[in-house]
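Chemist: here is a sequence with its predicted model. Questions after.
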Amino acid sequence: MIRTPTQQRAWDDLLAVKAPRPAPDPSWSQALHGRLERAAREASSHLNPGCTLRVNKTALDALDCDGRYLDLRTQPFEWSERLLAGKLAHRAIELDHAGGFQRPVGDLVTHAWMEAATDRGPAAHFVADLAGVAADSLRGTVTERVITFRESFPVLPPSAEVRAEKPYTVRLADGTVELRGVPDLVLGRATATERRVLLVDLKTGNRSRRHLHDMRFYALLATLATGVAPFRVATYYLDESAWEHEDIEFDQLEAAARTVAAKVARAGLLVGASPPPEELRLVASTACRWCTRAPACPASGTGEQDERGGLAARDVQRAMPTLGAAELGGP
């Protein structure tokens, strides 16, 4: 099959099609689950009966600051054009693979749009309210993303297994704590003899150091959910037709589990025990500008900048509704 240079590079370097896949180690999942279960039990000891603590990647980011986490918990989930564009693009890409990359992109986008419109969920109401220029603009955005993906990502064989927005859910402490993550694309599937799964998030805009932590969290969830770790995770930057990837070993999963365990325990305390303001751990960051507690917060400020000049505003805006989605059972 003839590929563009970018497609060939992704085929060789990202998908690593000809490289052997590592064998799974069942002890990984057992050790990771044990650490998280202990933290979940600690968190659940603070919760009211019947309360479920739901934690996703955005909650983990917010838990860098107690005030920010508590503020995000009060934000109701709302669909936006940006969130809907991502959902439709991921679904259209999944359909594109299922159809052998032969269908017109416009047909894929229309099909994904109609699925969302008839979903009977909150997204359907949001789609129904879109009309005219706003709807046309959103369709154009989705179409552009699918075309860009087609141009830079190699055509996969029909035997390849591709899932879009595959949810991974891990329930701990008798279901009182729930970890949830939804990577954009899951390529391959877990087997008893090989670690064949590649997790991919599709991004537009600037790179962020948080993306790697997000992908490690997804890898942790996939390992716990299936008992088999993915062999690799990647963030694919559509604007650049480039990616950053990491091969997954136990050290990365253990580090992610330590972080998640500490933050789950802290979240349980914040939600169930409601510590007084003077006991909150407050940390200034660029997220302060979106926190409703910031005007009265002694730690609020412009925050520390990362090596790229600070967390982009779009990254924080992207984070805000995602927590609400997890809390309310959304995507």
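Modeler: Done, it's in. Residues are numbered from 1 along each chain as shown.
Chemist: show the end-to-end separation of stretch 14-26, please.
Modeler: Using C-alpha to C-alpha, to the nearest Å, the end-to-end distance of stretch 14-26 comes out at 25 Å.
Chemist: quick check: mean pLDDT of it?
Modeler: Averaging pLDDT along stretch 14-26 yields 95.
Chemist: kindly report the same for stretch 79-87.
Modeler: 92.
Chemist: pretty sure Ala219 contacts Leu253?
Modeler: Yes: contact criterion C-beta atoms under 8 Å: Ala219 and Leu253 qualify, at 6.3 Å. Backbone N, C-alpha and C define where each C-beta goes, glycine included.
Chemist: list residues touching both of the two?
Modeler: Ala229 (C-beta atoms under 8 Å, 6 or more residues apart in numbering).
Chemist: and Phe153, what does it touch?
Modeler: Contacts for Phe153 were tallied using C-beta under 8 Å, 6+ apart; they are Gln7, Ala10, Tyr236.
Chemist: switch to 7 Å and redo it
Modeler: Phe153 sits next to Gln7, Ala10 when contact means C-beta atoms under 7 Å, 6 or more residues apart in numbering.
Chemist: again, but for the one 10 residues further on
Modeler: The contact partners of Arg163, taken as C-beta under 7 Å, 6+ apart, are Glu94, Val186.
Chemist: with Arg189 instead?
Modeler: Arg189 makes contacts with Glu161, Arg196, Val197, as judged by C-beta under 7 Å, 6+ apart.
Chemist: PyMOL command for the buried members of those?
Modeler: To isolate the buried members of the contacts of Arg189 in PyMOL, using 16 or more other C-beta atoms under 10 Å:
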select buried, resi 196+197
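Chemist: pLDDT below threshold where in the stretch 51-200 of the chain?
Modeler: Within the stretch 51-200 of the chain, the set of residues satisfying pLDDT under 70 is empty.
Chemist: quick one: the helices in it, in order.
Modeler: Assigned by DSSP state H, counting those that start in this stretch, the stretch 51-200 of the chain shows helices spanning 57-62, 66-73, 81-98, 105-117, 122-129, 132-152.
Chemist: now for those helices, which one comes closest to Ala23?
Modeler: Across the helices of the stretch 51-200 of the chain, Ala23 has its closest neighbour in helix 81-98 (27.0 Å, C-beta to C-beta).
Chemist: chain neighbours aside, what residue packs nearest to Ala262?
Modeler: The shortest distance from Ala262 to any residue other than its chain neighbours is 7.1 Å, reached at Ala39 (C-beta to C-beta, 6 or more residues apart in numbering).
Chemist: from what I can see the one you found touches Val264, true?
Modeler: Yes: between Ala39 and Val264 there is a contact at 4.7 Å, judged by C-beta atoms under 7 Å.
Chemist: of those two, who's got more company?
Modeler: Val264 (27 against 23; other C-beta atoms under 10 Å).
Chemist: which SS class is that one?
Modeler: Taken by DSSP: H, G, I helix; E, B strand; the rest coil, the conformation at Val264 corresponds to helix.
Chemist: what sits against it?
Modeler: Ala39, Ala40, Ala43, Val55, Val177.
Chemist: between all of those residues, which two are separated the most?
Modeler: It's Ala39 and Val55 that sit farthest apart of the contacts of Val264, by C-beta to C-beta, at 10.4 Å.
Chemist: show me the contacts for Arg196.
Modeler: Arg21, Gly188, Arg189, Ala190, Phe231.
Chemist: next, it: phi, psi?
Modeler: Torsion angles at Arg196 (phi, psi; degrees, to the nearest 10) stand at phi -110, psi 0.
Chemist: run a quick neighbour tally on the nearest residue to Val233 once chain neighbours are set aside.
Modeler: Nearest residue to Val233 in three dimensions, chain neighbours excluded: Met215, at 3.8 Å (C-beta to C-beta, 6+ apart). When neighbours are defined as other C-beta under 10 Å, Met215 has 27 of them.
Chemist: ok, now which ones touch Met215?
Modeler: Neighbouring residues of Met215 by C-beta under 7 Å, 6+ apart: Leu199, Asp201, Val233, Thr235.
Chemist: what does Asp64 give?
Modeler: Asp64 sits next to Val283, Ser285 when contact means C-beta under 7 Å, 6+ apart.
Chemist: one more: Asp96?
Modeler: The neighbourhood of Asp96, defined by C-beta under 7 Å, 6+ apart, consists of Arg103, Leu108, Val146.
Chemist: Ser152 and Ser241 touch, don't they?
Modeler: Yes: with contact defined as C-beta under 7 Å, Ser152 reaches Ser241; the gap is 3.7 Å.
Chemist: now do the shared contacts for these two.
Modeler: Common contact partners of Ser152 and Ser241 (C-beta under 7 Å, 6+ apart): Thr6.
Chemist: give me the more crowded residue out of those two.
Modeler: Ser152 (20 against 17).
Chemist: how close does that one get to Ile93?
Modeler: Distance from Ser152 to Ile93, counting by C-beta to C-beta, to the nearest Å: 12 Å.
Chemist: Val109 now?
Modeler: Remark: distance between Val109 and Ile93 (C-beta to C-beta) = 10 Å.
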